[in-house]
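> Pasting a predicted model and its sequence here:
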Amino acid sequence: MSNRSSVALGLAVFALAAALPLLSGILPAIAGPYPMSLARSVFTYMALAVTWDMLLRSGQVSFGIAGFYGIGMYGSAIAMLRFGLPPLLSILAAGCFAAAIALLFGFIILRLRAIYFSIVTLAMAEIFRIILHNGGDFTGGAEGLILPNLISNGDSSLYWLALGGVALAVGASSWFERSKMRFALTAIRNNELQAKSSGIGIFKYMLIAFVVTSFIQGMIGGIQIQSYGVASPDDSFSANYTLLPLAMALLGGVHSTIGPVVGALLLGVVSEVLKLKLPYGHLVVYGIIIVLVILFMPKGLYGFWVKAAKDRRSAAEARREAPHA
Amino acid sequence: MVVKRAVMYWLAFGLVVGVALLMWKPMVLVYGIQSAGLYAAVAIPMALVLGIVHIVNLSHGEFMMVAAYATYFGARWLKIDPYVALVPVALVMSIFGFIVYRLTIRRALKSPELNQLILTFGLGIALSQTVNLIFTSQSWKMYLDYVSASATIGEYDFGIYDFVFVAAAILLALGLRLFLTRTRMGKAALAVGQNPRGAAIVGIDVDRTYAFVFALSVGLVGALGAMFLTKQAIFPGVGGPYTMKSFCLVAVAGVGNITGILWASLALGLAEALMNSFRDLRDWSSIIFFIIIFATILVRSIKERKA
Amino acid sequence: MKRIVVALAVFALVAGSAFGQNVIKIGANWPLADAGSVEAANAAQLAVDEINQAGGVVGKKLQLIVVDDEFKGDKGIAAIERLVTVDKVDVLFGGYASGVQAAQIPTLKKYGIVTLATGAASSALVEKALGPSPESDFYFHLHPWDYEQGQSYVDGWNAIMQKYPNVKIKRIFLAYEEGAFGSSSFAASKALYANTSFVFDGASFKSAASGGSDYSGVLQAAKEFKPDLFIWGGYAQDAIGIAEQAKAMKFAPPIFVGAPPAWPADAPTNPLVQNEVAYGMWSPAINKISETSRRFTEAYKAKYGKAFTSYFAPLSYSGIYILADAIKAAGGTDKASLIAALEKTKYASPLGDTITFTPSNVIKHQGIKVQKIMQWQNGTQQVLWPFEAASANFVYPFSFPK
């Protein structure tokens, strides 16, 4: 791909991402229910991808997204069915529940590093799933729970909820990028010993990041169940909810807010379009796309674009200087 | 001396637990060891790649699945036993592994670990979905009468075929150990695994070693695929759970520790079989795997911090 | 890369494709990575082609639009939204997994378009989400619910015991896979047998479909229970493994039953399943009693080059004919008249049954209620019960080949 077209592509994608707040604001006015339902699932994955990236900025790779997301789905369903909470409050309760569990586990597991942290978060998500699977009537057992009274049928409130979820994730992520959190998490990622010796309370910052991201992931689960109406151990804790956000963030470019947003948008839309064009075999192409992007854009689309723009600028400067030489 | 005493304590402890189990629930010992064999045999090639190439191969189980399909249709076509097809399948798979390494893995060696993870995840999707496209999601299971080989202890009749996986696991662990400590290529691989830069300085071709180790691991998991098919039904998604299980076992054993996988698998196999032997605990038996992972990793991290 | 830009443009500008008004559109969703669902989609297309060749219905051609639901709830919802608002279909069709269908129910209710469902057997999920009449009257459920399947086996075995006096069944053991599929059939069976003279027990196992590899625990429990009738409720992936391990453990109950949604592709050649009883809806043996079934089997093979193996093919084929007949009777796709016409359905299906819609425990429009009891004999599943469809005598008791 030539530099010019890659920059053009980059511009197009990021212009779209920049226009996203506006676009998503007016989408209900201009688009039908199908694009809106597609947007809802893109938003769900987007929020998960952004929150996963927030913790990644400390160097920790979590495999537990599906765990907190599933906890959120169940949390909201149980809050509504067993404690009679209204839907909106139940979403908040789901987030708080996930955050409380993250706080509890965080004290133990945030001292682990690298692959050990990843495996333990994976194990944690599985433990949640098995507990809910065996929870008897309270959790609905292997079949799970059905929510009878959903927030709305037919109007766009589900859309606004999903958009609210992603706005919360993006907001929290930008706060992380602008506040002391950014400095602390980056320092932990780059050189933990140095960070420690320069007086950064490593554990405190990681705990904040873990609890905040789990809170949002739990809320996203709570929001999602308002449109699904079903929480079941196999579907709510599906590995898709861990692996797809991970792939999206990586494709877009990690350690930023815009990267995961772009990655989720692209992969979400591409997978749907591929499916319609290629009913049989679209998942093969999906796998190959992931492989190719990782191989040829190792820093994700965002990193690729930044680099291409830089190259272009230096090439232009070189041209400008050439006649003088 | 301190190390030796610790080993003695563990051996004594294991012996006591083993004898107690044998008296109390002999079948737990039999079934526990059998499933441990399968877990360990599949996990060992993954540990090899992680220990030396430093890549977590999330398409590990999918390579096994591809090998199992190749064996099934090859053996059915030529009307031969899967065990006869094992060696050729392993060779073909290692060539396949080599090609995959050259085309993809090699280009991502310098990328962050995460990229490698998602790269192999994408490879796994492409492999399993291609098989799904060609062979559909239907499952296949060859009829082999020796799989139902049986033995009797007292009032219990039980299958003994699964001990082949125990033998395979032990053979793999010992074989790899000999290879890594006694052969030139193996020593080179070990050196590369410990310090690639240092190995390059003393004249070892790091890239060639990586290619060899990756191809070896895919070849081994291919051979296991051929064995796997004798006992289990094959379908496009059969590899996924084994990737996850292997990944967890490798972490419990500790990165680079191949014999550790044998012990970790044994502990998990026995614990699961024990849970399975109680009616009321059976529904919870899959949680034991994850609790052991959780506990082992935590305990080790605490120990390391103290040391 | 350009494609991605194009894809984005498509996303931004998804617009309803205006198609000719002279067609009646049937919108369907199935998980197309599943072999049985692919066969269902193929069979539906075959039925549509046949009907169109015969001149269509009420002067219009039928058009089938299939969208992959990928076994995912959100994709299933998006599929319905697309079919209804973009493709503007007249009726909805298909479905496979209960979890996906349950997630689709709120969306289906939102539009209330007449829906003929081919899958989704879990009553606790789908029937509960649907709720009672009249709010669920738009929904016609073809496949039997889990509790109806259970009830038909009780009826079937009682009938078989009367016909074959040497068959004695008192103790029944169910080995069920631990997921929603197996657990729901265990719960349904337990409730069912509580009021009968049968002694019932069961235990769970981890299916090979989700990484399980060992049935020793559940088989040991079954062996100690000494059942007259042993059933395993799992997936195709478990079929041979369970038989192999049972044989190794010398556990050969007088009646050995398998109740998976599909069997391994090579099961007919496997001596271990010989004389194992199979619960299901269709087998090639039906061709002997049903002319429709025979014609369908041949037409499917002629069109797609290979025989279908899943009962979802004849089920979905039946569904299209039921819809076409009802549209004909109603003179179009007007909701009220279409529902009224569907209620009068009486279709002699290739499954061997005559399909009508009657109330089930919760909803008003339930199609098939009876499953068949079949037995593997010489590589084919022969029908034992219902006796009207029987194609062979019951071979009893069960034993493994030497």
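That came through, no problem. Keep in mind the model is a prediction, meaning the values are calculated, not measured.
> can you list the residues of the stretch 51-200 of chain A near chain B?
The stretch 51-200 of chain A comes close to chain B at residues A:56, A:61, A:108-109, A:111-112, A:115-116, A:119-120, A:122-124, A:126-127, A:130-131, A:133-134, as judged by CB under 8 Å from any CB of the partner chain. (C-beta placed from N, C-alpha, C; glycine too.)
> Now that we have the residues you listed, which of them are buried?
Applying 16 or more other CB atoms under 10 Å in any protein chain shown to those, the neighbour count classes A:56, A:61, A:109, A:111-112, A:115-116, A:119-120, A:122-124, A:126-127, A:130, A:133-134 as buried.
> Setting aside sequence neighbours, what's the nearest residue to B:Gly219?
Nearest residue to B:Gly219, sequence neighbours excluded (CB to CB, 6 or more residues apart in numbering or on different chains): B:Ser94, at 3.0 Å.
> okay, now the one you found: neighbour count?
When neighbours are counted by other CB atoms under 10 Å in any protein chain shown, B:Ser94 registers 21.
> again with B:Gly256
Neighbours of B:Gly256 under the rule other CB under 10 Å: 16.
> any idea how far C:Asn195 is from the nearest residue to it once chain neighbours are set aside?
Excluding the flanking residues, the one nearest B:Gly256 by CB to CB, 6+ apart is B:Gly51, at 3.8 Å. Counting by CB to CB, to the nearest Å, the gap from B:Gly51 to C:Asn195 is 60 Å.
> So for these two, which residue has more residues nearby?
A side-by-side neighbour count of B:Gly51 and C:Asn195, using other CB under 10 Å, places B:Gly51 first with 21 against 7.
> how near is the more buried one to B:Glu155?
From B:Gly51 to B:Glu155 the distance is 44 Å (CB to CB).
> next one: A:Ala49
Taking CB to CB, one finds A:Ala49 at 56 Å from B:Glu155.
> Between these two, which has more neighbouring residues?
Taking other CB under 10 Å, A:Ala49 and B:Glu155 do not tie; A:Ala49 has more neighbours (31 against 6).
> That one reaches A:Pro260, doesn't it?
Yes. The pair A:Ala49 / A:Pro260 is scored as a contact, 3.8 Å apart, by CB atoms under 8 Å.
> Low-confidence bits of chain A, can you list those?
A:1-10, A:13, A:149-155, A:322-325 (pLDDT under 70).
> how much space is there between the residue in it positioned nearest to chain C and A:Ala162?
Closest approach between chain A and chain C, counting by CB to the nearest CB: A:Ala142, at 3.5 Å. Distance, A:Ala142 to A:Ala162, by CB to CB: 28 Å.
> if we can go back for a sec, what about the buried ones among the residues of the stretch 51-200 of chain A next to chain B, which are in helices?
Judged by DSSP state H, the subset of these located in helices is A:56, A:109, A:115-116, A:119-120, A:122-124, A:126-127, A:130, A:133.
> ok, and which of these reach chain C?
A:His133.
> Now tabulate the ones in helices among the buried ones among the residues of the stretch 51-200 of chain A next to chain B in a markdown table and tack on distance to C:Ser349.
Formatted as a markdown table, these follow (distance: CB to CB, whole Å):
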| residue | distance to C:Ser349 |
| --- | --- |
| A:Leu56 | 55 |
| A:Ile109 | 56 |
| A:Ile115 | 55 |
| A:Tyr116 | 57 |
| A:Ile119 | 51 |
| A:Val120 | 53 |
| A:Leu122 | 47 |
| A:Ala123 | 48 |
| A:Met124 | 49 |
| A:Glu126 | 43 |
| A:Ile127 | 46 |
| A:Ile130 | 41 |
| A:His133 | 37 |
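> In contact with the residue of the stretch 101-250 of chain C found nearest chain A: list those residues for me.
Residue nearest to chain A within the stretch 101-250 of chain C (CB to the nearest CB): C:Ser183, separated by 3.5 Å. For C:Ser183, the contact set (CB atoms under 8 Å, 6 or more residues apart in numbering or on different chains) comprises A:141-143, C:176, C:204.
> And B:Asn115, by the same measure?
Each residue near B:Asn115 by CB under 8 Å, 6+ apart is listed here: A:250, A:294, A:298, B:108.
> how much space between it and B:Leu270?
Distance, B:Asn115 to B:Leu270, by CB to CB: 37 Å.
> What of C:Gly233?
C:Gly233 sits 28 Å away from B:Leu270, going by CB to CB.
> Please apply the same query to A:Leu23.
Taking CB to CB, one finds A:Leu23 at 57 Å from B:Leu270.
> Over to B:Gly175?
According to CB to CB, B:Gly175 stands 24 Å off from B:Leu270.
> For these two, indicate the residue with more neighbours.
Neighbours per residue, other CB under 10 Å: of B:Gly175 and B:Leu270, the larger number sits with B:Leu270, 21 against 12.
> Wait, that one touches B:Ala36, no?
Yes. Between B:Leu270 and B:Ala36 there is a contact at 7.1 Å, judged by CB under 8 Å.
> doesn't A:Gly263 make contact with A:Leu301?
Yes. Applying CB under 8 Å, one finds A:Leu301 in contact with A:Gly263, separated by 6.9 Å.
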